[in-house]
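**Q** Here's my sequence, what's the structure:
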Amino acid sequence: MKYAVVQYGSSQYKIQDGDVIKIEDRDLTSDTNKFTLDKVLMISDDSGVQVGHPYLEGARAELEIIGEKAGPKISVFKKKKRKGYRKKTGYRAKYTVAKVLNISS
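**A** The predicted model follows:
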């Protein structure tokens, strides 16, 4: 069973071939729907575990963009007691859904 730990943005993801993951919002204006992640922190396979310092040289993970989704709605409510100040805002974080095609070391 081969898996890897990769870093994209400020998050780390444990991935395997064929996994479908939600990553931080990615710009989808490019023509191709495939991209590679070069920041591979660790790879584990039948031969053993390889750990980078901080990243493994020459290791990469190929992903294919499936689409976009929005996360759960988050409400933010601010209030100051006895001042009449109330403010309600909210947002839905956007995610990019991607499928792992290949992990190479």
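**Q** Just give the number of residues close to Gln12.
**A** Under the neighbour criterion other CB atoms under 10 Å, Gln12 is assigned a count of 12. Bear in mind the C-beta positions are built from the backbone N, C-alpha and C, glycine included.
**Q** Partner strands of the strand or helix carrying it and their direction?
**A** Element membership for Gln12, per DSSP states H and E: strand 11-16. Here strand 11-16 has these sheet partners by DSSP bridges: strand 3-8 (antiparallel).
**Q** And the partner strand, what's buried?
**A** By neighbour count on 16 or more other CB atoms under 10 Å, the buried set for strand 3-8 is Ala4, Val5, Val6, Tyr8.
**Q** For the last one, give its distance to Thr89.
**A** Between Tyr8 and Thr89 the computed distance is 27 Å (CB to CB, to the nearest Å).
**Q** Point out where the protein drops to low pLDDT.
**A** Applying pLDDT under 70 to the chain flags the ranges 27-29.
**Q** Show residues contacting the helix or strand harbouring Tyr91.
**A** Assignment of secondary structure by DSSP H and E places Tyr91 within strand 85-104. The contact list for strand 85-104, computed with CB atoms under 8 Å, 6 or more residues apart in numbering, reads 2-4, 15-26, 28, 34, 40, 43, 59-79.
**Q** Please check the residues you listed and keep the buried ones.
**A** Among those, those classed as buried by 16+ other CB under 10 Å are 4, 15, 19, 21, 23, 26, 40, 43, 59-63, 65.
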